[in-house]
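Chemist: have a look at this fold, sequence not included:
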Ligand SMILES: [Zn+2]
């Protein structure tokens, strides 16, 4: 019979040894494919939103025209971010069956599984991501 202590130890040691098992890999693969599908939908939806603003001058005032232009700029930058993420997702989908997947490119430590669940395309651990964010 397992004492509560040994159970706790099991959970803790799992957190400290985040090597991915095959069911975790499978789950992340699913997450990657879902995220890619969603992004592709988002990109096709956004394609019309980032077209040049065409407004009927007689129907709308100046303010709403400015709004529309701002919205268009936002759509363009959202679209760029989505395209960049799509590229990272594609890379991760190809790489997920490699032994390198799930390891930080900067420090070679395993990337936390919870981080991968949120961002399955992540190539660096949270610590190194923060370092990258600061340096850019
Ligand atoms: Zn790292």
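Modeler: Thanks, I have the structure now. Note that the coordinates shown come from a computational prediction; the quantities given were computed from them, not determined experimentally.

Chemist: quick one, what contacts the nearest residue to residue 126 once chain neighbours are set aside?
Modeler: Excluding its sequence neighbours, the residue lying closest to residue 126 (Cβ to Cβ, 6 or more residues apart in numbering) is residue 115, at 5.6 Å. The way it works is simple: take the backbone N, C-alpha and C, and place the C-beta from them, glycine included. Residue 115 sits next to 122, 125, 126 when contact means Cβ atoms under 8 Å, 6 or more residues apart in numbering.

Chemist: restricting to the residues you listed, which residues neighbour the ion?
Modeler: residue 125 (Cβ under 5 Å from the ion).

Chemist: looking at the contacts of residue 115, which is nearest the ion?
Modeler: Nearest to the ion among those is residue 125, at 3.5 Å by Cβ to the ion.

Chemist: which residues of the chain lie near the ion?
Modeler: Residues of the chain lying near the ion (Cβ under 5 Å from the ion): 104, 106, 107, 125, 128.

Chemist: name the member of these with the most neighbours.
Modeler: Highest neighbour count within those: residue 125, with 23 neighbours (other Cβ atoms under 10 Å).

Chemist: nearest the middle, which residue of this structure would you pick?
Modeler: Closest to where the C-alpha atoms of the chain average out (Cα atoms, centre = their mean) is residue 119, at 4.1 Å.

Chemist: and that one, what pLDDT?
Modeler: pLDDT for residue 119: 95.

Chemist: and for residue 19?
Modeler: At residue 19, pLDDT is 76.

Chemist: in a strand, that's where it is, yeah?
Modeler: No: counting by DSSP: H, G, I helix; E, B strand; the rest coil, residue 19 is located in no strand; its state is coil.

Chemist: tally of neighbours for it?
Modeler: Neighbours around residue 19, by other Cβ under 10 Å: 10.

Chemist: which non-adjacent residue is nearest it?
Modeler: For residue 19, the closest residue by Cβ to Cβ, 6+ apart turns out to be residue 110, at 5.8 Å.
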